[in-house]
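A.B. asks: no letters, just coordinates:
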């Protein structure tokens, strides 16, 4: 179950009927080099897969992002190292989409994140993570702090109804793409659906299938 702080923006984005747009061949190449893309903002595959490992290994972080989820739900017993369930991979991809959307909505509205916005998130992470925010790898810390700070700033700037309108205006023209290695973005359900055929596990080789 996702952390409750993500719910309000998820509702707003869902109401906006987030849609992908057609891509040129050049876009297709760029899409496959990233794990997630929202317009020109991307999360690289290496960065994404490193964060899958991090959330699996860090019990505090996993509980913070996905309340009540255990390691066993992310990797079945006996599965190879680096192999994760598609549900977990999809949830992480969806989370990154929401982070990127939140940050870009702020940018489109001319609203800048401040040090106070980020410090509030860091203080919260310091309370819930045994090693604090600074114990996280730099890339993961930056993504988490900026994404959560963007959520908080959006909620502070807009009433829920107004936020829905603002998000609708932004995402109506946005291009949202999830690398086919991790599935396909479903605009209606705001989730990542698994690919049609077997795919290799994040961080693994090209032959082992990612379990569903």
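C.D. replies: Arrived safely. All figures in this text were calculated on a predicted structure; none of them were measured in a lab.
A.B. asks: how close does residue 84 get to residue 144?
C.D. replies: Plainly put, residue 84 is 19 Å away from residue 144 if you go by C-beta to C-beta, to the nearest Å. C-beta here means a position set from N, CA and C on the backbone, and glycine is covered the same way.
A.B. asks: what do you get for residue 160?
C.D. replies: As for residue 160, its distance to residue 144 is 24 Å (criterion: C-beta to C-beta).
A.B. asks: what are the contacting residues of stretch 116-124?
C.D. replies: The set of residues that contact stretch 116-124 without belonging to it, under C-beta atoms under 8 Å, 6 or more residues apart in numbering, is 133, 144-146, 148-149, 152-153.
A.B. asks: need the worst-confidence member of those residues.
C.D. replies: Within the set of these, pLDDT is lowest for residue 152 (91).
A.B. asks: list the residues that contact the most centrally placed residue in the chain.
C.D. replies: Note on the chain: the residue nearest the mean C-alpha position is residue 96, at 1.7 Å, using C-alpha atoms, centre = their mean. Under the criterion of C-beta under 8 Å, 6+ apart, the contact partners of residue 96 comprise 35-36, 43, 48, 143, 147.
A.B. asks: so which of those residues sit within strands?
C.D. replies: Those of the contacts of residue 96 mapping onto strands are 35-36, 43, per DSSP state E.
A.B. asks: hang on, the earlier thing: tell me which of residue 84 and residue 144 has more neighbours.
C.D. replies: When residue 84 and residue 144 are compared for neighbours, residue 84 comes out ahead with 25 against 22, by other C-beta atoms under 10 Å.
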